[in-house]
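**Student:** sequence first, predicted model second:
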Amino acid sequence: MKSSFPKLLALLFAFTLIAAACGDDGGDTSTGTDTTTSAVADQGITITVTGPERDESEAGAISEVLGAWGDEQGIEVIYLGSADWEAEINVQVEGGNPPDISIFPQPGKLADFARDGHVVPLNDAAAAATAENWSEAWNVFGDVDGVQYGVPVKADLKSLVWYQPARFAANGYEVPETFDEFTALVDQIAADGNRPLCVGIESGQATGWPFTDWVEDMVLRQHGAEVYDQWVEHEIPFNDERIVSTMQTVLDLWTQDNVFASSGSIAATAFQDNGQPLVDGNCFMHRQASFFSAFMPEGTTFGDGEGEVNVFYFPDINGDRPVLGAGTLAAGFNDNDATMALLAYLSTPDYAEARQVSQATRKGGGATLSGFLSAAIGQDPSVYQPLEQSFLNVLETAAIVRFDGSDLMPADVGAGTFWTEGTSAVNGDLTAAEAAARIEASWPQ
């Protein structure tokens, strides 16, 4: 990725989300894609979309919203979500049988596919819709060498810690404001005979990615945005002593006394299986992104009351309040009119609002959080719950924002060795220095 990307994101990200949170409640959200979609309406056309989102609420909402769009256009849209998306999309592409569209959680992987000629540039209508509906701070991650390939679909806020305020109060614990206070709280909870953290990094072929999130958040906190940018863009080696020290910081926090792992070990515990032990009282905190609300047990309510779940900002070290963000982008494997029309629709506030409503309903409705967040311009903010709106506020007020580093790295690293060698370090099979050296050796020339 270009070296200007993280710096541009830091300047524009907050303004994007202010626009998303304060969009015109009743205004025209037309994207100007009617002429494109009307031209592709034809019985018999099927568009297949794949992606990593597979939870019933996520995949069900995507299928419902895309299916409704397809019904309006007279075409069939099928969404297939898989825990092994990363491996499956490689096999499909290598076998010459890719889907029409796939949703990429890693801009680095999308860029690799674009440079190898597997995904195609957006046509003029889709590119115009994307530019209209998302700011350049987000569109830049779908831009590969000056050509727009990707459509932003979803935004995530990662620098969050989930907890139960009433349980904190009952045990005399206070929300930490600094990282030193956070580690002191971890030590206190453990000394009281409880487990401070729920942690799990199992995720099929993507096992290990939660470890990379912790490392990225900690690089920002310990060494700052400049070092983070240099690391992501390989201007310093992956095994730079500062990165190794950060990896060790995470491993030191993830001790047996500190962590509840529902499947017996961190590497064997699915990342989505940490909501139930949190509400059951098996642990006090779980650091995970805004989308994790989708994996809370059915019936979970959010707030400060008895039994309710809330979040606090993962504390900083230097007072600069860095925030780690992420998102997904959709790209097409062909330039058919129907494919491009659907990509244009995926960029719209109409899609974002419809998915938010559908996903929230599937999670139980009411005050339930959907697990979905979007930075599309012109959304009606009332479709989000107050806590979800607070996620946007965290991003709006952040002094430093950076996109998930592993998602920006070449796929061989960010969606490969960073996961696998990181998992080996978590398992104790490698030291932090050994894991970092192996990741560095895998970086493409």
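**Tutor:** Okay, I see it.
**Student:** when you work out contacts or count neighbours from here on, use the C-alpha atoms and nothing else.
**Tutor:** Will do.
**Student:** show me the helices in the stretch 151-300 of the chain, by range?
**Tutor:** 165-170, 179-191, 209-232, 241-253, 275-280 (DSSP state H, counting those that start in this stretch).
**Student:** what comes up buried for the last one?
**Tutor:** Residues 275-279 are the ones in helix 275-280 that count as buried (16 or more other CA atoms under 10 Å).
**Student:** same question for the first one.
**Tutor:** Residues of helix 165-170 classed as buried: 165-167 (neighbour count, 16+ other CA under 10 Å).
**Student:** need those in JSON lines (columns: distance to D112 and pLDDT).
**Tutor:** Below are these laid out as JSON lines (distance: CA to CA, whole Å; pLDDT from 0 to 100):
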{"residue": "P165", "distance to D112": "43", "pLDDT": "98"}
{"residue": "A166", "distance to D112": "47", "pLDDT": "98"}
{"residue": "R167", "distance to D112": "46", "pLDDT": "98"}
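**Student:** looking at these, which is nearest V401?
**Tutor:** P165 (26.4 Å; CA to CA).
**Student:** how many residues are close by the nearest residue to the closest one once chain neighbours are set aside?
**Tutor:** In this structure, P165 finds its nearest non-sequential neighbour in D304, 5.4 Å apart by CA to CA, 6 or more residues apart in numbering. When neighbours are counted by other CA atoms under 10 Å, D304 registers 15.
**Student:** A437 now?
**Tutor:** A437 - counted by other CA under 10 Å - has 17 other residues nearby.
**Student:** ok, now which ones touch it?
**Tutor:** A437 sits next to 238-239 when contact means CA atoms under 8 Å, 6 or more residues apart in numbering.
**Student:** that one: helix or strand, and which one exactly?
**Tutor:** helix 432-442 (DSSP states H and E).
**Student:** buried residues, that helix. List them.
**Tutor:** 432-440.
**Student:** any chance of these in a markdown table, plus pLDDT?
**Tutor:** A markdown table is the format used below for the buried residues of helix 432-442 (pLDDT from 0 to 100):
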| residue | pLDDT |
| --- | --- |
| A432 | 98 |
| A433 | 98 |
| E434 | 98 |
| A435 | 98 |
| A436 | 98 |
| A437 | 98 |
| R438 | 98 |
| I439 | 98 |
| E440 | 98 |
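**Student:** going by distance to Y149, which of the buried residues of helix 165-170 wins?
**Tutor:** Nearest to Y149, judged by CA to CA, of the buried residues of helix 165-170 is P165 at 43.1 Å.
**Student:** thinking again about what came up before, now do the helix holding A437: distance to the chain's middle.
**Tutor:** 24 Å (CA atoms, centre = their mean, to the nearest Å).
**Student:** got the CA positions of it in CSV?
**Tutor:** Extracted as CSV, the C-alpha positions of helix 432-442 are listed here (Å, rounded to 0.1, in the frame of the first residue of the first chain):
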residue,chain,number,x,y,z
ALA,A,432,8.1,-13.7,20.4
ALA,A,433,11.5,-13.1,18.8
GLU,A,434,11.4,-16.4,16.9
ALA,A,435,7.9,-15.8,15.7
ALA,A,436,8.8,-12.2,14.5
ALA,A,437,11.9,-13.5,12.7
ARG,A,438,9.9,-16.1,10.8
ILE,A,439,7.2,-13.5,9.9
GLU,A,440,10.0,-11.2,8.7
ALA,A,441,11.5,-13.9,6.6
SER,A,442,8.1,-14.5,4.9
